[in-house]
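**Q** what follows is a predicted protein model with its sequence.
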Amino acid sequence: MADVLPLVEARLRSALGEPDARAAVTFLGTDRIEVLRFTEGDIVRYATLGMSAQPMADPTAVLADPVKGPRAELVLSVRPAGTDTDKVLRPLAVLAASPQVEGLVVAAGASLDVGEPLWPGAPFTSVLVAESGGLVEDLELDEPADPVRFLPLLPMTPNEAAWKRVHGAGALQERWLNGGTDLRDPLRKSVALD
């Protein structure tokens, strides 16, 4: 099967335009992960490139299938407004490397935690993985490979992450929607959870 990363980058460019910056991070024992930055007006989008090079494997499987299995890249959208959100590059690369490092299968509804603020002064240390197909359409690959899904990341405060563990992703997203929460605000407060 051909290298999927050029196809993934082409899909990102067709959906988000030309990246205005890119950075690469390599962790011991993993493939290189790049993070591309796209700016559109006052919105900055960060997209990983490299997570989808290999399918995510079920950690209980004896052998990982080199072709079949879910593939994904992560997309985070923020309105920087005076914050240094570019420091999110390393945490995003850590999240994108988690399938290789920890054997995670990243899918919609999952919580991912980096254990530190996503960027300096951020009230978020974790993200909720949202459904793909909105901002960047899924990329179909030749059979038998699964499509590459571009999964939006929604930053969560520690209170929201704890609430989500009890009530579920759908309930938290409903709270955000009913509260008119601006999920792109890099300094937003937690939504009312009582």
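**A** Alright, I've got the coordinates. Numbering: from 1, shown residues only.

**Q** please name the nearest non-neighbouring residue to L16.
**A** In space, L16 comes closest to F38 once its chain neighbours are excluded; the distance is 4.1 Å by Cβ to Cβ, 6 or more residues apart in numbering. From N, CA and C alone the C-beta is placed, and that goes for glycine too.

**Q** could you do L95 as well?
**A** With sequence-adjacent residues excluded and distances taken as Cβ to Cβ, 6+ apart, L95 is closest to L112, at 5.0 Å.

**Q** mind listing the strands for the chain?
**A** Along the chain, the stretches classed as strands by DSSP state E are 21-25, 33-40, 43-49, 71-78, 111-113, 126-129, 148-156.

**Q** dump these to a markdown table, plus mean pLDDT, mean neighbour count and distance to P120.
**A** Output for the strands of the chain, formatted as a markdown table (pLDDT from 0 to 100; neighbours: other Cβ atoms under 10 Å; distance: least, Cβ to Cβ, whole Å):
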| stretch | mean pLDDT | mean neighbour count | distance to P120 |
| --- | --- | --- | --- |
| strand 21-25 | 91 | 14 | 16 |
| strand 33-40 | 95 | 20 | 17 |
| strand 43-49 | 96 | 22 | 15 |
| strand 71-78 | 97 | 24 | 13 |
| strand 111-113 | 95 | 17 | 18 |
| strand 126-129 | 97 | 22 | 17 |
| strand 148-156 | 97 | 24 | 14 |
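
**Q** of all these, which lies closest to P6?
**A** Minimum separation from P6 across the strands of the chain (Cβ to Cβ) falls at strand 43-49, 9.8 Å.

**Q** quick one: contacts of the closest one?
**A** The contact list for strand 43-49 (Cβ atoms under 8 Å, 6 or more residues apart in numbering) reads 5, 8-9, 12, 16, 19, 22, 33-39, 73-80, 85, 88-89, 92-93, 95-96, 135-136, 150, 184.

**Q** swap the cut-off to 6 Å and go again
**A** 9, 12, 16, 34-38, 73-80, 88, 92, 96 (Cβ atoms under 6 Å, 6 or more residues apart in numbering).
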